[in-house]
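[1] attaching a predicted model along with its sequence, questions to come.
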Amino acid sequence: MSSTEVAGKAAFTGIRYAQCWEDADILLEGLDVKPGDICLSIASAGDNALAMLTKDPSRVVAVDLSAAQLACLDLRCAAYRTLDYDAFLELYGARTSVRRGDLYDKCRPNLRDPQSGEFWDERRAALTAQGFGALGKFERYFRIFTRWVLPFVHSRADVDELLRAKTGDERKVFFDDKWNSGRWRLLFGVFFSKTVMGLLGRDPRFFDYVEGDLKTHLMGRVRHAAVDLDPSDNSYLHWILNGRFNGALPVALRRENYDTIRTRIDRIEWHEAALEDAIDDLARAGARPARYNLSDIFEYMSAENTATVLAKLAANGKKGGRLAYWNMMVPRSRPASLAHALKPLDKLSKDLFLKDKAFFYRAFVVEEIQ
């Protein structure tokens, strides 16, 4: 397997993300997956790759450099095959449960990769206690914030009020008059600084290309999520502040999508590979992806490497297909040198970004293969 810049950034032995922290609603709208499409997706924890199955593609190829992240996807697929909807949410950690150990035991024979079984057996106690959706470094970071920082600023009643359905004017008044206090701004700025996030949330090397002040950016995005959008329907805010979705579920976990994903679960495959290698493998097999979910992969790449990867994706993708990705603190998009290969869908990108419930990001980018 070839080495990429991302592979050299940090170790990939543990679960960094036990959930996908990108909004699958805008991802699916931006990619506009058609029945029969071949999709290539960064695996991460698997939720968004699975969400793509709701659009009836013929194949979803999920890739990741981390065997731990692929074990997350493997367990999800085994759970879809084995469990009913309510039991799935319990094993995920989206609902309280006293039987996660038994549910895992039922799923384990349906794990595809023997290494996944070993991986989860070693974490059985944590899985039983919290559910697999709570076991990533990023999720632990938010749990520390909710348990040890937030109570110094806001009461449980304040949190409930923030998440209660209100009009836009009511949300603005509450946020400005009650939530956005000086103590909130102080502690938020410390906890969500590059230093603390690098220590507890993301690997410090993932900030190599960051531009601008992280905490200022995140403060503005939190206000957008709490005022401009409806927090009562925001799965990411609910999980961060409550450790549960409370009915505000991401695409792959919604009841109306469960059976659809379950019946199409054999259309998804996963490989421990660099994105470039996956493209080469598909090309050798004569397969041209029509839709690319690239997560925020370019956040960790230089501008030069970003251009190289985008060129390969465009050259080996289906004409008229689309790719989508997020920028958090590193501005990345199609360079001028690829104007012949990729067309930015700027209006669509901006319109969708305004609806993005995963409020951490600076931009959402959709581009069309020429």
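    Great, that's in hand. Just so you know, these numbers come straight off a predicted model, no measurement behind them.

[2] which SSE is immediately downstream of the helix or strand of the chain with the lowest mean pLDDT?
    Lowest by mean pLDDT, DSSP states H and E among the helices and strands of the chain is helix 194-200, with a mean of 74. Sequence-wise, the next helix or strand downstream of helix 194-200 (DSSP states H and E) is helix 214-223.

[3] now that following helix: buried residues?
    Going by neighbour count (16 or more other Cβ atoms under 10 Å), the buried part of helix 214-223 is 214-215, 217-219, 221-223. All C-beta atoms are positioned from the backbone trio N, CA, C, and that covers glycine.

[4] mind putting the residues you listed into CSV with pLDDT?
    Listed next are the buried residues of helix 214-223 as CSV, based on pLDDT from 0 to 100:
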residue, pLDDT
214, 80
215, 81
217, 89
218, 90
219, 93
221, 94
222, 95
223, 96
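
[5] about what we covered before: just checking, what packs against the least confident helix or strand of the chain?
    With contacts taken as 3 or more Cβ pairs under 8 Å, 6 or more residues apart in numbering; DSSP states H and E, helix 194-200 sits against helix 137-144.

[6] before we move on, back to that, pull the least confident helix or strand of the chain out as PDB, backbone CA atoms only.
    Once non-C-alpha atoms are left out, helix 194-200 reads as follows in PDB (Å, rounded to 0.1, in the frame of the first residue of the first chain):
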ATOM      1  CA  LYS A 194      -5.800  24.000  19.200                       C
ATOM      2  CA  THR A 195      -3.700  23.000  22.200                       C
ATOM      3  CA  VAL A 196      -6.500  21.300  24.200                       C
ATOM      4  CA  MET A 197      -8.200  19.800  21.100                       C
ATOM      5  CA  GLY A 198      -4.900  18.500  19.900                       C
ATOM      6  CA  LEU A 199      -4.300  16.900  23.300                       C
ATOM      7  CA  LEU A 200      -7.700  15.400  23.900                       C
END
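
[7] name the residues of it that are buried.
    In helix 194-200, counting by 16+ other Cβ under 10 Å, buried: 194, 196-197.

[8] how about stretch 362-370?
    362-369.

[9] hmm, which two among the residues you listed are most spread apart?
    Of all pairs drawn from these, the widest gap by Cβ to Cβ lies between 362 and 369 and measures 23.8 Å.

[10] out of the buried residues of helix 194-200, the closest to residue 156 would be?
    Among those, and counting by Cβ to Cβ, the member closest to residue 156 is residue 196, at 23.8 Å.

[11] if we ignore the residues flanking it in sequence, what's nearest that closest one?
    residue 190 (6.6 Å; Cβ to Cβ, 6 or more residues apart in numbering).

[12] distance of that neighbour from residue 220?
    The gap separating residue 190 from residue 220 is 17 Å, by Cβ to Cβ, to the nearest Å.

[13] element containing the residue nearest to residue 196, please.
    Counting by DSSP H and E, residue 190 is part of helix 182-191.

[14] pLDDT for the buried residues of stretch 362-370 - can I get that in a markdown table?
    Shown next, in a markdown table, are the buried residues of stretch 362-370 (pLDDT from 0 to 100):
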| residue | pLDDT |
| --- | --- |
| 362 | 94 |
| 363 | 96 |
| 364 | 98 |
| 365 | 98 |
| 366 | 98 |
| 367 | 98 |
| 368 | 98 |
| 369 | 98 |
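
[15] sort out for me which of those residues are in strands.
    Within those, residues falling in strands by DSSP state E are 363-369.

[16] between those residues, which is closest to residue 54?
    Proximity of these to residue 54 (Cβ to Cβ) peaks at residue 366, which lies at 18.3 Å.

[17] please name the nearest non-neighbouring residue to residue 108.
    Nearest-residue entry for residue 108: residue 117, 5.8 Å, with adjacent residues in sequence omitted and distances by Cβ to Cβ, 6+ apart.

[18] the one you found contacts residue 107, doesn't it?
    No - if you go by Cβ atoms under 8 Å, residue 117 and residue 107 don't touch, sitting 9.9 Å apart.

[19] higher neighbour count, these two?
    Neighbour count, other Cβ atoms under 10 Å: between residue 117 and residue 107, residue 107 has more, with 25 against 18.
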